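Visitor: Got a predicted structure here, sequence first:
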Amino acid sequence: MPGEIDGIRAPFVFDGIVRRAVHELKYRNLRALAPVLAGFLADCLCRYTLGGDVIVPMPLHPRRLRERGYNQAELLAGELGRLAGLPVDRKALRRIRHAPTQVNSAGLRERLENVRGAFSCWHGGLAGKRVILVDDVVTSGATMNAAAGALKEAGAVAVWGLAVALEL
């Protein structure tokens, strides 16, 4: 997908046991899976030699965060940061516009529209940095692309997406 994201990598396809593990982490509060899944992210980070200065988790809108009680991408990013020896900036990127989940969106055009203007950076600490943007699942890449745009507007020189799984 052309746009702001420099590329997206994931160790798995969103299917079978990986789908179940992500759902258990995301919807059933099984936070003990975060270190295991982050281990796969760390392996992927090394395998693809993605240059990164800082890890940024994909944020949830405050409403969704209140509903769920935690951000699974933040859990993954924290564990990945520990494993990779990289700082994690949990406050740089904010979701400022609530949008329906991308799972319920029909096509790429609708997904792009859902996330247009949904993200903002809240400080300039990313100027000149290479960012690793972490999420659990990437479907079309529209959400990561929109978030990468906000990160680059804040001065990031590169943004690579890293997710547990890609939905094909």
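Guide: Thanks, I have it.

Visitor: which residues in this structure form helices?
Guide: Counting by DSSP state H, the chain has helices at residues 16-27, 33-47, 62-68, 72-84, 108-115, 142-153.

Visitor: which one of these is the most hemmed in?
Guide: helix 142-153 (a mean of 23; mean count of other Cβ atoms under 10 Å). C-beta: built from backbone N, CA, C; applies to glycine.

Visitor: Name the nearest residue to the residue positioned nearest the centre of the chain, ignoring sequence neighbours.
Guide: Geometric centre of the chain, nearest residue: residue 135, 2.6 Å, by Cα atoms, centre = their mean. Excluding the flanking residues, the one nearest residue 135 by Cβ to Cβ, 6 or more residues apart in numbering is residue 58, at 4.0 Å.

Visitor: repeat for residue 134
Guide: residue 77 (4.2 Å).

Visitor: Same question for residue 91.
Guide: Take residue 91 and drop its neighbours on the chain: the residue closest to it by Cβ to Cβ, 6+ apart is residue 122, 6.3 Å away.

Visitor: Kindly report the same for residue 75.
Guide: residue 34 (4.0 Å).

Visitor: residues contacting that neighbour?
Guide: 25, 72, 75, 76, 78, 79 (Cβ atoms under 8 Å, 6 or more residues apart in numbering).
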